[in-house]
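Asks: just the structure for this:
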Amino acid sequence: MPAWFFVSLQGYRIAWLPRDLIAGLMLAAIAIPGQLATARLAGMPPETGLYAFAAGSLAFAAFGANRFMSVAADSTIAPIFAGGLASLTASGTERYFELAPLLALMVGAILLAIGLFRAGWLATLLSTPVTTGFLAGISIHIIIGELPTLLGIPAPGGHILSRLIHILGHLGDANLYALALGAGVLIVTLGAASISSKIPGAFFGLLGAGVAVALFNLQSRGVSVLGPLSVALPHLALPPMPDSNEIGHLVPLALVVAMVCIMQTSAVASTFPSEKGRPDDVSRDFAGVGAGSIMTGLIGSFAVDASPPSTAIVVESGGRSQIASMTAVALMIALVVLAARLTAFLPHAALSGILVYIALKIFRLGEMIRIYRQGGWEILVVAASAALVVALPIETGMLLAIALSFVSSLYAVARPYCAELSRVPGSTVWWPPGRGEQSEHEPGVVVFAAGAPLTFTNAQYISDQIMAALARSPAPPRLLVIEASGMIAIDYTGSQILQQTIARLKSDSIDVAIARLADERATVEAEQTGLLAILEPGCIFKSVEDAVRQLGPSAKGGAP
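Replies: Below you'll find the predicted structure:
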């Protein structure tokens, strides 16, 4: 077996097969209702959700690395690309069904390229507050979008907030049978999840809802049903090519969807590694998910993603390899071929109940509380990301949320932590003084530390903080010691700005020294950019204490 093909099955033991078969059965019971619901969320025929699961699972088993990862139609990305495609053509039209597979091919190509070029570091570009915020925004989209079906009323168009107002104004028109079915499935799913994730609450809920529709003839009472699945198995084909306007819209949409896939795949791989203590080759996993989206695009379905809940089911059910996912695929194919008519009584409201459950899961309230308690102002990033996704078209809000992640990261670099240091009594350690802690100061000496690389984005801010620290000195400053352990990089512009500040201080008869420039890269850059040359000879020290003892006013015998 080639090393690049079915690597997730290398070293397979026949003793694992019974556990994989059981995990596959559990995965099918969980995934089938979820895939049907996600296809509805994506604006696609219900069977395409099952096709997406089959193609994504088989492609990942062939090209991915993680033994447990389940790749399927995912409720996180479905509303993103559904909203984006809806701006090009109406959902449910023939062109919509052509653009969705085309987008899947584009997303798959991006992920495959990222995997081949081993660009897994892209997963770190989105901060936790930003991802938490946009997932909350997507959750709100899902809930508001499914309320009409859950209530059994016509779905309004327009902006999400205007749709909410319309829904609230028509609560009196709700079909109580549809509402009871949808709420019942939601309650059963929530209850099963609270007992054990191994209990397929969604499956049992859908089964009960279908039986209720058949027994009580609820279709005659206004309850809409899914109808039988198409038994025509898909075939490989390239979707029609887009025009220039469509390409200009699809490319940024594909990049947004791919970025979310990168983030989620990386999170699943790190949470459920093939072997504890040994990280998987996440770049290969990106390629595996990309291959899954390419395969789904070729069979007329939509983009897939790594699924955290499905992967958790495989692990918790004792699965040992991708055989579990392939078993679930076999069971799903059997359903389509042998029991497709059983969905004839499946109410749409029941699928909406499952989608509301999924939306509640991705609305990470616990994570928001932790960010509020531990992240301080970053809770505003959560709120801003959620607001962008809710107030704007989803793909636009997502792009701006990603940009917000970069801006918040840039702000942390542009406004780094800066502190004046003092000596810990009875030691040679210089440290930022805490509240109520005793500290020692050398008259005429200011020790300043900046906890960030020195770059064009923050050099002026750091220089301003240096001047402010000197202005606060109780005695006329004679020596500035820059504690540089945090300056792990120095660029040309940043060096030039700091050199100007040093030259100004020297003209005011203030000596400047640098201590603890320990990073080899920063030392080389400080020398190349001329920062070291502007200092007097012997002004580079391995510790702050050495600099103060040799260059401080007391060492020179000067008066403070």
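Asks: so where's the stretch 151-300 of the chain uncertain?
Replies: 277, 279 (pLDDT under 70).
Asks: could you do the chain as well?
Replies: 1-4, 120, 123-124, 277, 279, 436, 555-560.
Asks: let me see the ranges of the strands in the stretch 451-560 of the chain.
Replies: Using DSSP state E, counting those that start in this stretch, the strands found in the stretch 451-560 of the chain span residues 479-483, 511-515, 540-541.
Asks: to Val188, which of those strands lies closest?
Replies: strand 479-483 (60.7 Å; C-beta to C-beta). In short, each C-beta sits where N, CA and C put it, glycine included.
Asks: nearest to Ala419, out of the strands of the stretch 451-560 of the chain?
Replies: In terms of C-beta to C-beta, the element of the strands of the stretch 451-560 of the chain nearest to Ala419 is strand 479-483, at 8.9 Å.
Asks: what packs against that closest one?
Replies: Using 3 or more C-beta pairs under 8 Å, 6 or more residues apart in numbering; DSSP states H and E, the elements in contact with strand 479-483 are strand 445-450, helix 459-471, strand 511-515, helix 544-551.
Asks: same thing but at 6 Å, please
Replies: The criterion is 3 or more C-beta pairs under 6 Å, 6 or more residues apart in numbering; DSSP states H and E, and the helices and strands that strand 479-483 contacts are strand 445-450, strand 511-515, helix 544-551.
Asks: ok now that strand, how far from the chain's centre?
Replies: 41 Å (C-alpha atoms, centre = their mean, to the nearest Å).
Asks: any buried residues in that strand, and which?
Replies: Neighbour-count burial for strand 479-483 flags Leu479, Leu480, Val481, Ile482, Glu483 (criterion: 16 or more other C-beta atoms under 10 Å).
Asks: dump those residues into a markdown table; add distance to Ala178 as well.
Replies: As requested, the buried residues of strand 479-483 are exported to a markdown table (distance: C-beta to C-beta, whole Å):
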| residue | distance to Ala178 |
| --- | --- |
| Leu479 | 78 |
| Leu480 | 73 |
| Val481 | 73 |
| Ile482 | 69 |
| Glu483 | 67 |
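Asks: let me know the closest of these to Val223.
Replies: Glu483 (71.0 Å).
Asks: what sits closest to that closest one if chain neighbours are left out?
Replies: Distances taken as C-beta to C-beta, 6 or more residues apart in numbering place Ala449 nearest to Glu483, at 4.0 Å, with adjacent residues excluded.
Asks: am I right that the one you found is in contact with Ala484?
Replies: No - contact status for Ala449 versus Ala484: not in contact, 7.9 Å apart, counting by C-beta atoms under 6 Å.
Asks: before we move on, the earlier item: I'd like the strands of the stretch 451-560 of the chain laid out as TSV, including distance to Leu102.
Replies: Converted to TSV, those look like this (distance: least, C-beta to C-beta, whole Å):
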stretch	distance to Leu102
strand 479-483	56
strand 511-515	57
strand 540-541	60
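Asks: neighbours of Ile138, how many?
Replies: The burial count assigned to Ile138 is 27, neighbours taken as other C-beta atoms under 10 Å.
Asks: of all the helices and strands packed on strand 479-483, which lies closest to Val314?
Replies: strand 445-450 (47.4 Å).
Asks: dihedrals phi and psi, Ser422?
Replies: phi -130, psi 160 (degrees, to the nearest 10).
Asks: who does it bridge with?
Replies: Residues in a beta bridge with Ser422, per DSSP bridges, are Trp431.
Asks: from Gln438, how far off is it?
Replies: Counting by C-beta to C-beta, to the nearest Å, the gap from Ser422 to Gln438 is 9 Å.
Asks: and for Arg549?
Replies: Arg549 is 21 Å from Gln438, by C-beta to C-beta.
Asks: buried set for the helix ranked longest in the chain?
Replies: Counting by DSSP state H, the longest helix found in the chain is helix 244-271. Buried residues in helix 244-271, counted by 16+ other C-beta under 10 Å: 246, 249-250, 253-266, 268-269.
Asks: which strands and helices lie in contact with it?
Replies: Helix 244-271 packs on helix 78-86, helix 94-116, helix 282-298, strand 305-306, helix 394-414, going by 3+ C-beta pairs under 6 Å, 6+ apart.
Asks: now what about the last one, what contacts it?
Replies: Put plainly, it is helix 394-414. 79-80, 83-84, 126-127, 130, 134, 253, 256, 381, 385, 388-389, 452, 457-458 (C-beta atoms under 6 Å, 6 or more residues apart in numbering).
Asks: now Ala113: how far from Ala291?
Replies: 12 Å.
Asks: no, scratch that, I was asking about Leu498
Replies: From Leu498 over to Ala291 (counting by C-beta to C-beta), the distance is 49 Å.
Asks: same thing with Gly530?
Replies: 51 Å.
Asks: try Gly43
Replies: 24 Å.
Asks: okay, and Gly24 sits in which element?
Replies: helix 17-41 (DSSP states H and E).
Asks: counting by contacts, list what that helix packs against.
Replies: Counting by 3+ C-beta pairs under 6 Å, 6+ apart, helix 17-41 packs on helix 46-63, helix 201-216, helix 308-316, helix 323-338, helix 348-362.
Asks: chain center to the fourth one, what's the gap?
Replies: Spelled out, that is helix 323-338. 29 Å.
Asks: on contacts alone, who are the packing partners of it?
Replies: helix 17-41, helix 46-63.
Asks: what about the nearest residue to Val544 once chain neighbours are set aside, neighbour count?
Replies: The shortest distance from Val544 to any non-neighbouring residue, by C-beta to C-beta, 6+ apart, is to Trp430 (4.2 Å). If you count neighbours by other C-beta under 10 Å, Trp430 ends up with 25.
Asks: from Met26, how far out is Leu338?
Replies: 20 Å.
Asks: also Arg472?
Replies: 65 Å.
Asks: ok, these two, which is more surrounded?
Replies: Met26 (25 against 10).
Asks: thinking that one is in contact with Ser317, fair?
Replies: Yes - Met26 is within contact range of Ser317, at 4.3 Å (criterion: C-beta under 6 Å).
Asks: what residues do these two have in common as contacts?
Replies: In terms of C-beta under 6 Å, 6+ apart, Met26 and Ser317 are not both contacted by any residue.
Asks: quickly note the distance from Glu316 to Thr455.
Replies: 46 Å.
Asks: and Thr265, what is it in contact with?
Replies: Asp285, Phe286, Val289, Ala306.
Asks: now neighbour count too, for those residues, in a markdown table please.
Replies: Formatted as a markdown table, these follow (neighbours: other C-beta atoms under 10 Å):
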| residue | neighbour count |
| --- | --- |
| Asp285 | 27 |
| Phe286 | 33 |
| Val289 | 33 |
| Ala306 | 31 |
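Asks: just send those residues back as CSV, with distance to Phe204 too.
Replies: Below are the contacts of Thr265 laid out as CSV (distance: C-beta to C-beta, whole Å):
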residue, distance to Phe204
Asp285, 32
Phe286, 35
Val289, 30
Ala306, 26
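Asks: state the pair within those that is farthest apart.
Replies: Phe286 and Ala306 (9.4 Å).
Asks: what is the burial count for Met467?
Replies: 14.
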